[in-house]
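> next come a sequence and a model predicted from it.
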Amino acid sequence: MQVKPQAASELDVQTLQRRLAAFAAERDWEQYHTPKNLAMALSVEASELVEIFQWLTPEQSARVMEKPETAHRVADEVADVLAYLLQFCEVLGVDALAALAEKIDRNEARFPVPERPDPQDRHSSE
């Protein structure tokens, strides 16, 4: 089953997961796509992304996308991390976007926006 690539604006998680699943099925790789193996592969790919930034200063890391060669490496590693994460979610039945939305909701409740002093109050007490 060949799923055709789409324009970036038309992509969604389910389409990408179907493409990844088809890619693995066509090569008989599903047998290796266990939660353990996918989690390990995800960790390795995340480490490869970290490796690009390993010895850079904060300023250099902020400019990493300015160099085409480095930008290409970063984009490739981001793609690898996302691919393994989506495959992991597919195997375990995790809705990645729903999980993220729920996590953001919990974080918003857990870490409320700090109250900032009203600049007008400072002048009224003088």
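Thanks, I have the structure now.

> which residues in the protein form helices?
Using DSSP state H, the helices of the chain run over 13-26, 35-53, 58-62, 68-92, 96-110, 119-124.

> can I get those helices in a markdown table with mean neighbour count and mean pLDDT?
Any C-beta I mention is one placed from the backbone N, CA and C, and that applies to glycine too. As requested, these are arranged in a markdown table below (neighbours: other C-beta atoms under 10 Å; pLDDT from 0 to 100):
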| stretch | mean neighbour count | mean pLDDT |
| --- | --- | --- |
| helix 13-26 | 15 | 94 |
| helix 35-53 | 14 | 98 |
| helix 58-62 | 10 | 97 |
| helix 68-92 | 16 | 97 |
| helix 96-110 | 10 | 96 |
| helix 119-124 | 8 | 67 |
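
> for the residue nearest the centre of the chain, give its distance to F111.
In the chain, the C-alpha nearest the mean C-alpha coordinate belongs to L82, at 5.2 Å (C-alpha atoms, centre = their mean). Distance, L82 to F111, by C-beta to C-beta, to the nearest Å: 26 Å.

> ignoring the adjacent residues along the chain, who's closest to L86?
Spatially, and ignoring its direct neighbours in sequence, L86 is nearest to Q17 (5.1 Å; C-beta to C-beta, 6 or more residues apart in numbering).

> now the one you found: how far from D118?
Noted for Q17: a distance of 48 Å to D118, by C-beta to C-beta.

> now do F88
46 Å.

> how about Q31?
From Q31 over to D118 (counting by C-beta to C-beta), the distance is 62 Å.

> for the residue nearest to A96 when sequence neighbours are not counted, which residues are in contact?
Nearest residue to A96, sequence neighbours excluded (C-beta to C-beta, 6+ apart): C89, at 4.7 Å. C89 makes contact with 17, 95-96, 99, according to C-beta atoms under 8 Å, 6 or more residues apart in numbering.
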